[in-house]
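1. no FASTA, just this:
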Ligand code: PHE
């Protein structure tokens, strides 16, 4: 048995001095492979008498484990070293100027999402997301929109075949289902925005069957309508870069908020020119309201303890307004000329005022 210990010491030493992964693999095969030395010794245990066999077996098992773990450790060290060398070799100099021929640009939707995310994150929101294919429950019922509710017809829903459990499915018609998904799995306080794709069966100069929305949701014990107003007024002024932008809250109706309000921003259409800012006209840009108690309790949140607000707005719409893009359809035409005209330089950091007065 002393011999076995010596053999192990030698093996471990050779493992430590192995300098390539191939060499290490050879050692493993010679010792632990089918015809390996340690495997051979294991096989020979059968010929020992039972009381000796047990002791010898335990010792051999221990030796086998030590050798195997020495190989594993050495392997990780070697792999780390190899990665380190590779990282060193593949280093890129990020201070080099960009190639003059590179002419890719950032799509206005991406840019707008980056900008609004920067504004809301500054206010303490984090970003959440959810699936595009939704169950009827998350898209409607959980949002207090029962099957017979007229809001279902208004939404021009794309219906999909039910899943294998028979659950009716739709392409989500708004980002509001992510409110439900988030409330179900998070204990308040909650403060999220959800930028993402939405789908409605509608197609003309101002509607696309696929478009983007950003949802907002704040749930805690104290947030009220005043916070909703403050938050959205601040957002509109920061996003459009107009400090005294008039913002108006108009009573409205959504099944999942009570009270509900639509939000308009000030604009002028004087002299055939459209401009955002102080003026004599209003333009609707988003829907909002205090989360309905029934929606809260449906998600397991006690409405006597928690409350909060939600809002949703169309991203294409605010992008078109901010950047003076007249038609919605070219957003998805992948026309390089349009992208060159309205796209953004990839290396520009998104700032909340970026793009204004370009
Ligand atoms: N989901 C609504 C829509 O698509 C917008 C909204 C979101 C309204 C949150 C109120 C609160 O029109």
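-> Arrived safely. Treat the numbers as computed from the prediction; the structure is a model and nothing was measured. Numbering: from 1, shown residues only.

2. Quick check: residues of the stretch 201-350 of the chain near the ligand?
-> Residues of the stretch 201-350 of the chain found near the ligand (C-beta under 6 Å from any ligand atom) are 215, 254, 257, 287, 288, 289, 310, 311, 312. C-beta here means a position set from N, CA and C on the backbone, and glycine is covered the same way.

3. Just give me the least confident of the residues you listed.
-> On pLDDT alone, residue 254 ranks lowest of these, at 95.

4. So what's the residue count around the closest residue to that residue other than its chain neighbours?
-> In space, and not counting its chain neighbours, residue 254 is closest to residue 260: 4.6 Å by C-beta to C-beta, 6 or more residues apart in numbering. Neighbour count for residue 260, taken as other C-beta atoms under 10 Å: 19.

5. what kind of secondary structure is residue 304 in?
-> coil (DSSP: H, G, I helix; E, B strand; the rest coil).

6. give the contact list for the residue nearest to residue 220 when sequence neighbours are not counted.
-> The shortest distance from residue 220 to any non-neighbouring residue, by C-beta to C-beta, 6+ apart, is to residue 189 (4.1 Å). For residue 189, the contact set (C-beta atoms under 8 Å, 6 or more residues apart in numbering) comprises 218, 219, 220.

7. now with 10 Å?
-> Residues in contact with residue 189 (C-beta atoms under 10 Å, 6 or more residues apart in numbering) are 124, 218, 219, 220, 221, 222, 223, 306, 308.

8. With respect to residue 68, which of the residues of the stretch 201-350 of the chain next to the ligand is nearest?
-> Residue 68 has its nearest neighbour among those in residue 215, at 52.5 Å by C-beta to C-beta.

9. Quick one: neighbours of the residue of the stretch 1-150 of the chain found nearest the ligand, just the number.
-> Nearest residue of the stretch 1-150 of the chain to the ligand: residue 143, at 7.9 Å (C-beta to the nearest ligand atom). Counted with other C-beta under 10 Å, residues neighbouring residue 143 total 25.

10. Enumerate every residue touching the nearest residue to it once chain neighbours are set aside.
-> Nearest non-adjacent residue to residue 143, counting by C-beta to C-beta, 6+ apart: residue 256, 4.1 Å away. By C-beta under 10 Å, 6+ apart, residue 256 lies in contact with 140, 142-145, 151, 174, 176, 179-180, 289, 291-292, 294-295, 298, 310, 312.

11. Same question for residue 8.
-> Contacts of residue 8 (C-beta under 10 Å, 6+ apart): 31, 38, 59, 60, 62, 63, 64, 66, 67, 70.

12. Could you report the pLDDT at residue 351?
-> Looking at residue 351, its pLDDT is 61.

13. Could you find the closest non-adjacent residue to the residue of the stretch 51-200 of the chain found nearest the ligand?
-> The ligand sits closest to residue 174 of the stretch 51-200 of the chain, with a gap of 3.4 Å, by C-beta to the nearest ligand atom. Nearest residue to residue 174 in three dimensions, chain neighbours excluded: residue 198, at 5.5 Å (C-beta to C-beta, 6+ apart).

14. Enumerate every residue touching the one you found.
-> Per C-beta under 10 Å, 6+ apart, neighbours of residue 198: 132, 139, 155, 171-177, 209-213, 215, 312, 314-315.

15. Let's see that with 6 Å instead.
-> 172, 174, 211, 213 (C-beta atoms under 6 Å, 6 or more residues apart in numbering).

16. Is it correct that the second one falls within a helix?
-> No - secondary structure of residue 174 (three-state DSSP): coil, not part of a helix.

17. returning to what we had before: ChimeraX command to pick out the buried ones of the contacts of residue 256?
-> Selection command for ChimeraX covering only the buried members of the contacts of residue 256, criterion 16 or more other C-beta atoms under 10 Å:
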select :140,142,143,144,145,151,174,176,179,180,289,291,292,295,298,310,312
